[in-house]
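Undergrad: Here is a sequence together with a model predicted from it:
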Protein chains: 2
Amino acid sequence: MTTSNNHTKQQLTPTQRSQIKRKSKRGNYETQVIYNILDEALICHVGFTVNNQPFVIPTAYGRINDKLYIHGSPASRMLRTLTKGIEVCVTVTVLDGLVLARSAFHHSMNYRSVVIFGTATLINDPEEKFVALQAFTEHVIPQRWQQIRQPNKQELQGTMVLSLPLTEASAKIRTGNPIDDQPDYDLPVWAGVLPLQTVAGKPIADERLIEGVEIPDYVENYVRNYNI
Amino acid sequence: MTTSNNHTKQQLTPTQRSQIKRKSKRGNYETQVIYNILDEALICHVGFTVNNQPFVIPTAYGRINDKLYIHGSPASRMLRTLTKGIEVCVTVTVLDGLVLARSAFHHSMNYRSVVIFGTATLINDPEEKFVALQAFTEHVIPQRWQQIRQPNKQELQGTMVLSLPLTEASAKIRTGNPIDDQPDYDLPVWAGVLPLQTVAGKPIADERLIEGVEIPDYVENYVRNYNI
C-alpha cells in the first residue's frame, strides 16, 4: 500500500560528484534528512588537496540553515588553505550499529553519512562570525551559549570562520537487518543488529570550579542520539 | 621529577606531511599509540583526489601489524581509484569528551585521531586477502570470525582488498580539563569535561534466526572503549 504525502520534501539535485553510485538505494538528497545527520554528529572530516596530496582533518562544526560553518585559529593550515577557494569535501558519519550476518561476506554496518562538495567562504562580518560561533556551541551542547562568557572583540578577531553552502550534498543511509544468502539462514549462527550510540558518561568538574556552582541539566542529561 | 624508561618506544619519523603543525604538543608518533587508536575506532575516512577534486569516504577497516586494510566491491569507485597508486590520506577519529570552558572561546573536545599518508596496494594473493578479511571482522567484533561462515572462493574473488602501510602517520590527542583565561576562573559557570563513549545497546535478533540460537557473550557484552 502506498500513502500519499501532501508535503513536498525539499530535495537537492544530485550532481556528477554528489550522486550516490554504489548502493544507490541508500542515497538520499532530502535537505531535512541531510540536516538531521549534520545536527546529530559532532565531528566532520574535511578533505582538501594541495599539490595533488589529499588531507583529511577532523574538526567541529555548526550549521545555520543551508550553511555549514567551520572555525579555528588563523594559524590553521587547513583554514588558510581553504580560503583560497579550492574544492573541499566535508564528510560526516554517524554509526548506528553493527550488522552481524551469518556469513563474513554479508557483515555490514548501519550508518548515516553526509558528503558535501563545494568551496568555502571566509566570513569577515563580525556579526555573522558571532552567530556562527553561537551555532558551533549550540550544536555541540544546546543551552550552553547563554551561560558562558561569549566571545569578545579580540577573540572574534582571533578566530577564523569559514562557511560552506549545503547545496551540493548527499546522504547515504543503511538501516535494518543483515541480508544473508538463502542457504545461510539455516546456519545455527546468531545474527542481527548490535545498536551503537554515543553516550555521555558522568561529568567531571574542573578542579578550579568555584564553590556552589551546580551541574546544569543540559550537561547532566546530555543526549546525542536524536533520531533513535 | 623525570623518570627513566628502559623501554625504547617505537616511533615513526615525522615527514613534511605527517608532522603535527598546530598544537604540536598534542602530536604523537609512537606506533603503539597509533595502533591503539586504530584498533579502537570502527570507521576511517579515506581521502583521495581525482582531477583536483577531493573525496572523503567513510569505510570500515582492519589492521595487521603495520598495515591497514580496506575492502569492498570491485565496483567501488573509491577502491578502483586507489589501485592506481594515487596519494591517499586516511583519518580515524575517536571522540572522548566535550571540554566545557567558562568562555565560548576555550570550549574544545577531547579526542584521539590518527592521520595516515601513503599509497594503497591491491592484494591479489587469496591467502593475504583471507587473513585481511578475518582482521576486518575481528576488528569490528572480536571472537565473531570463528562462529560465522567464512568467505568462499567466489566471495574472495568478489571482494577487493587494499593495504596501506602504517609507516607515515601521526596521532593527535587532547585530554584533560578546559584551560580558561585567568579572570574567567572567577565566573560562576560550571566547567569541566563531559566524557563521551560509543556504547552498545540491546542486541536486536534477526527475524529469521533459527530456534535455540543464543546471543553470544561477545555480542551481549560488547565493549568498544578499550582505553577509558
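TA: Yep, that arrived.

Undergrad: Is the longest strand along chain A in proximity to chain B?
TA: In chain A, taking DSSP state E as the definition, the longest strand is strand A:87-100. Yes: Strand A:87-100 lies in contact with chain B when judged by CB under 8 Å from any CB of the partner chain; the contacting residues are A:87-91, A:93, A:95, A:97-98, A:100. C-beta: built from backbone N, CA, C; applies to glycine.

Undergrad: Tell me which other helices or strands that strand touches.
TA: Using 3 or more CB pairs under 8 Å, 6 or more residues apart in numbering or on different chains; DSSP states H and E as the contact test, the elements touching strand A:87-100 are helix A:31-40, strand A:44-50, strand A:108-119, strand A:192-200, strand B:44-50, strand B:53-59.

Undergrad: and it, how far out from the chain's middle?
TA: For strand A:87-100, the distance between its averaged C-alpha position and the chain's averaged C-alpha position is 8 Å (CA atoms, centre = their mean, to the nearest Å).

Undergrad: Report the angle between that strand and helix A:31-40.
TA: 80 degrees (axes from the mean of the first three to the mean of the last three CA atoms, to 10 degrees).

Undergrad: In PDB, could you pull the C-alpha coordinates for strand A:87-100?
TA: Listed next in PDB are the C-alpha coordinates belonging to strand A:87-100 (Å, rounded to 0.1, in the frame of the first residue of the first chain):
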ATOM      1  CA  GLU A  87      37.400  22.400  -3.800                       C
ATOM      2  CA  VAL A  88      36.600  20.900  -0.500                       C
ATOM      3  CA  CYS A  89      34.700  17.700   0.500                       C
ATOM      4  CA  VAL A  90      33.300  17.500   4.000                       C
ATOM      5  CA  THR A  91      32.000  14.200   5.300                       C
ATOM      6  CA  VAL A  92      30.000  13.400   8.400                       C
ATOM      7  CA  THR A  93      29.300   9.900   9.600                       C
ATOM      8  CA  VAL A  94      27.100   8.600  12.400                       C
ATOM      9  CA  LEU A  95      27.500   4.900  13.200                       C
ATOM     10  CA  ASP A  96      24.200   3.300  14.300                       C
ATOM     11  CA  GLY A  97      25.100  -0.300  14.700                       C
ATOM     12  CA  LEU A  98      27.000  -3.500  13.700                       C
ATOM     13  CA  VAL A  99      25.100  -5.700  11.200                       C
ATOM     14  CA  LEU A 100      26.000  -9.300  12.100                       C
END
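
Undergrad: avg pLDDT for that strand?
TA: If you average the pLDDT over strand A:87-100, you get 98.

Undergrad: can you check stretch A:105-119 too?
TA: If you average the pLDDT values across stretch A:105-119, you get 97.

Undergrad: what about that stretch, distance to the chain center?
TA: Taking the mean of its C-alpha atoms, stretch A:105-119 sits 11 Å from the chain's own mean (CA atoms, centre = their mean).

Undergrad: likewise stretch A:63-83?
TA: Between the centre of stretch A:63-83 and the centre of its host chain there is 15 Å, according to CA atoms, centre = their mean.

Undergrad: contacting residues around residue A:206?
TA: Applying CB atoms under 8 Å, 6 or more residues apart in numbering or on different chains, we find residue A:206 in contact with B:177-178, B:191-193.

Undergrad: please redo it, this time with the cut-off set to 6 Å
TA: Counting by CB atoms under 6 Å, 6 or more residues apart in numbering or on different chains, residue A:206 touches B:177, B:191-192.

Undergrad: restrict those to those near chain A?
TA: Contacts with chain A within these, as defined by CB under 6 Å from any CB of the partner chain: B:177, B:191-192.

Undergrad: Most neighbours among these, which one is it?
TA: Per-residue neighbour counts (other CB atoms under 10 Å in any protein chain shown) across the ones next to chain A among the contacts of residue A:206 peak at residue B:191, which has 26 neighbours.

Undergrad: I'd say that one and residue B:179 touch.
TA: No: taking contact to mean CB atoms under 6 Å, the distance of 10.2 Å between residue B:191 and residue B:179 leaves them out of contact.

Undergrad: quick one on the thing from earlier: TSV please, covering the contacts of residue A:206 and showing pLDDT and distance to residue B:207.
TA: Converted to TSV, the contacts of residue A:206 look like this (pLDDT from 0 to 100; distance: CB to CB, whole Å):
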residue	pLDDT	distance to residue B:207
B:177	97	48
B:191	98	48
B:192	98	44
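
Undergrad: still on that earlier bit, quick one: which of the residues of strand A:87-100 next to chain B is nearest to residue B:52?
TA: Within those, proximity to residue B:52 (CB to CB) peaks at residue A:87, which comes in at 6.4 Å.

Undergrad: which one is the closest one nearest to, not counting chain neighbours?
TA: On the basis of CB to CB, 6 or more residues apart in numbering or on different chains, the spatially nearest residue to residue A:87 that is not a chain neighbour turns out to be residue B:53, at 5.3 Å.

Undergrad: What's the local residue count around that neighbour?
TA: The tally of other residues near residue B:53 (other CB under 10 Å) stands at 16.

Undergrad: Over to the one 4 residues further on?
TA: Neighbourhood size, residue B:57 [other CB under 10 Å]: 26.

Undergrad: Relative to residue A:174, how far out is it?
TA: Distance, residue B:57 to residue A:174, by CB to CB, to the nearest Å: 14 Å.

Undergrad: what about the nearest residue to residue A:50 once chain neighbours are set aside, is that helix, strand or coil?
TA: Closest residue to residue A:50 apart from its sequence neighbours, by CB to CB, 6+ apart: residue A:81 at 6.1 Å. Secondary structure, DSSP: H, G, I helix; E, B strand; the rest coil: residue A:81 is helix.

Undergrad: picking that back up, quick one, the longest strand of chain A and strand A:108-119 angle?
TA: Taking the same axes, to 10 degrees, one finds that strand A:87-100 is oriented at 170 degrees with respect to strand A:108-119.
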